[in-house]
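Enquirer: below are the sequence and a predicted model; questions follow.
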Amino acid sequence: MSPGSSEEPFPWHLGVYDAHCHPTDIMGLVPSIPKMKARVVTVMATRGDDQELVAQVADAYGLNSQPDISKEKSQECLVPCFGWHPWFSHQMYDDTNEDILDADSESFKTRHYQSVLSPKPEDVAFLKSLPQPRSLKQYLQQTRAYLEKYPFALVGEVGLDKGFRLPGPWTEELEKSRDQTLTPGTREGRPLSAHRVTMDHQKAILTAQLKLAWEMKRAVSVHGVQAHGILFDTLQDSWKGYGKEPLSKRQRKKIEKIPLHAEDAEMSDEEPALRMCLHSYSGSPDQLKQYFQRSSPADIYFSFSSAINMSDVHSAKADEVIKTVPDDRLLVESDLHMAGDEMDARLEEICRHVCELKGWGLEEGVKKLGDNWLRFVFP
């Protein structure tokens with residue numbers, strides 16, 4: 001039987017871990033999480049509407065210790081993550097260096113959005129449809145409190161996105177067709193506007209969250225779309241003064257496909273302080289190499305989903321990247337917005353695909369992927 005064959009029974013008993021998902025977008029399905037085949041799901045927050053929801057599901061299902069695969073799955077089957085996604089970064093103003101005295105005023109709201117959106121919005125109806133922006137300083141204080149309350153919590157989802165455009169305002173007709181089962185705050189089928197969040201503003205929001213993560217030694221789940229060079233530079237700037245060099249010459253030469261000599265096999269004995277995962281990674285194999293420079297103080301993981309990385313548009317490039325990523329830095333994810341059978345099915349699909357590409361037997365591969373997730377979350 002070939003590696004990862006779909007005919008081979010899937011070894012859920014070895015522990016399958018979803019590195020990135022959004023089940024709080026449909027709260028009605030959250031009670032199905034303990035009944036899923038996946039051992040643990042890593043649940044992201046993205047915006048103002050879901051920070052407290054992630055805390056609520058952590059109270060109900062959050063891990064209190066590292067999972068023990070020798071025991072049956074329990075109600076403790078979730079790792080919470082708290083972060084502000086780049087799609088919603090315009091909803092925050094940066095007051096980390098100075099207070100904004102008129103932040104609650106309508107005039108400030110207009111000035112703020114006209115300064116962080118491009119092209120500059122002039123349409124009054126569009127501006128009125130946007131929420132009053134909130135304080136980045138207060139958000140960071142809230143996130144710190146969540147991280148202190150939940151000792152295994154991560155920071156995420158954060159990142160940069162050049163391609164995303166803001167949805168337009170709700171209309172009366174669109175309101176009639178809204179799906180009431182969805183947590184508010186996402187696009188929900190609205191037509192897209194012409195407006196994007198400037199890279200400078202996205203970088204400011206991302207950098208502030210990264211600094212909090214590094215300070216509290218928490219792993220980070222990172223979103224990057226059409227911004228791989230800028231994202232790497234921003235991450236690199238953020239980790240100055242933190243962490244240690246985690247890669248041996250053996251690992252560096254593997255990623256560069258340079259022949260290895262036996263005398264180069266030494267490894268660092270120290271665990272780096274910084275951990276991050278580039279989720280549903282969409283960069284090229286060449287862009288991957290920059291993350292394995294000797295100067296990097298971080299353990300950097302790459303997760304892949306069937307929803308994003310196995311689509312026709314991205315699959316060929318993703319397959320080459322999966323083959324290139326070191327075996328001990330691969331994770332799998334569903335990136336789905338609903339808990340339950342579909343999430344399990346997507347996890348099985350990407351696990352089988354990764355095992356096939358890597359030439360791993362299914363049990364071997366599932367065990368490797370599980371061990372990688374445990375190192376990522378529990379250093």
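Expert: Arrived safely, thanks for sending.

Enquirer: show me where the stretch 101-250 of the chain has helices.
Expert: 106-116, 124-129, 136-149, 172-176, 199-215, 228-238, 249-256 (DSSP state H, counting those that start in this stretch).

Enquirer: out of these, which one sits most buried?
Expert: By mean neighbour count, with neighbours taken as mean count of other Cβ atoms under 10 Å, helix 199-215 ranks first of the helices of the stretch 101-250 of the chain at a mean of 20. From N, CA and C alone the C-beta is placed, and that goes for glycine too.

Enquirer: list of residues touching that helix?
Expert: Residues outside helix 199-215 that contact it (Cβ atoms under 8 Å, 6 or more residues apart in numbering) are 83-84, 86, 89-90, 92, 94, 96, 115-116, 136, 140, 143-144, 147, 154-155, 158-162, 219-220, 227, 230, 234-235, 237-239, 242-243, 273-274.

Enquirer: residue 49 is nearest to which of the helices of the stretch 101-250 of the chain?
Expert: helix 136-149 (13.3 Å; Cβ to Cβ).

Enquirer: please state the offset of the closest one from the chain centre?
Expert: 18 Å (Cα atoms, centre = their mean, to the nearest Å).

Enquirer: next, the angle helix 199-215 makes with it.
Expert: Angle, helix 136-149 to helix 199-215, by axes from the mean of the first three to the mean of the last three Cα atoms, to 10 degrees: 30 degrees.

Enquirer: show me what helix 136-149 is in contact with.
Expert: So helix 136-149 is contacted by 51, 55, 80, 82-84, 92-96, 153, 155, 204-205, 208-209, 212, 216, 218 (Cβ under 8 Å, 6+ apart).

Enquirer: separate out the buried members of those residues.
Expert: By neighbour count, with 16 or more other Cβ atoms under 10 Å, the contacts of helix 136-149 hold 51, 55, 80, 82-84, 92-95, 153, 155, 204-205, 208-209, 212, 218 as buried.

Enquirer: one step back: just send the helices of the stretch 101-250 of the chain back as TSV, with mean pLDDT and distance to residue 308 too.
Expert: Listed next are the helices of the stretch 101-250 of the chain as TSV, based on pLDDT from 0 to 100; distance: least, Cβ to Cβ, whole Å:
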stretch	mean pLDDT	distance to residue 308
helix 106-116	98	27
helix 124-129	96	29
helix 136-149	98	26
helix 172-176	92	26
helix 199-215	97	20
helix 228-238	94	15
helix 249-256	58	22
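
Enquirer: among these, which is nearest residue 282?
Expert: helix 228-238 (7.9 Å).

Enquirer: put the alpha carbons of the closest one into CSV.
Expert: The C-alpha trace of helix 228-238 is given here as CSV (Å, rounded to 0.1, in the frame of the first residue of the first chain):
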residue,chain,number,x,y,z
HIS,A,228,5.7,37.5,1.9
GLY,A,229,8.7,39.8,1.7
ILE,A,230,7.2,42.5,3.8
LEU,A,231,5.9,39.9,6.3
PHE,A,232,9.4,38.4,6.7
ASP,A,233,11.0,41.8,7.2
THR,A,234,8.3,42.7,9.8
LEU,A,235,8.8,39.4,11.7
GLN,A,236,12.6,39.8,11.5
ASP,A,237,12.4,43.4,12.9
SER,A,238,10.1,42.2,15.7
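
Enquirer: so which of the helices of the stretch 101-250 of the chain gets nearest residue 67?
Expert: Nearest of the helices of the stretch 101-250 of the chain (Cβ to Cβ): helix 136-149, 19.9 Å.

Enquirer: so what touches whichever strand or helix holds residue 323?
Expert: Using DSSP states H and E, residue 323 falls within helix 315-324. Residues outside helix 315-324 that contact it (Cβ under 8 Å, 6+ apart): 255, 281-285, 288, 302, 304, 309-310, 330, 353-354, 357-358.

Enquirer: how near is residue 310 to residue 341?
Expert: To residue 341, residue 310 is 18 Å away according to Cβ to Cβ, to the nearest Å.

Enquirer: more neighbours, those two?
Expert: The neighbour comparison of residue 310 against residue 341 (other Cβ atoms under 10 Å) goes to residue 310, with 16 against 13.

Enquirer: the closest residue in space to that one that isn't next to it in sequence: how many residues sit nearby?
Expert: Excluding the flanking residues, the one nearest residue 310 by Cβ to Cβ, 6 or more residues apart in numbering is residue 353, at 6.2 Å. By other Cβ under 10 Å, 21 other residues sit near residue 353.

Enquirer: you'd agree residue 353 is in a strand?
Expert: No: going by DSSP: H, G, I helix; E, B strand; the rest coil, the assignment for residue 353 is helix, not a strand.

Enquirer: where does the stretch 1-150 of the chain dip in pLDDT?
Expert: For the stretch 1-150 of the chain, applying pLDDT under 70 flags the ranges 1-6.

Enquirer: next, give me the two most distant ones among the contacts of helix 315-324.
Expert: Counting by Cβ to Cβ, the most remote pair of those is 255 and 310, 23.0 Å apart.
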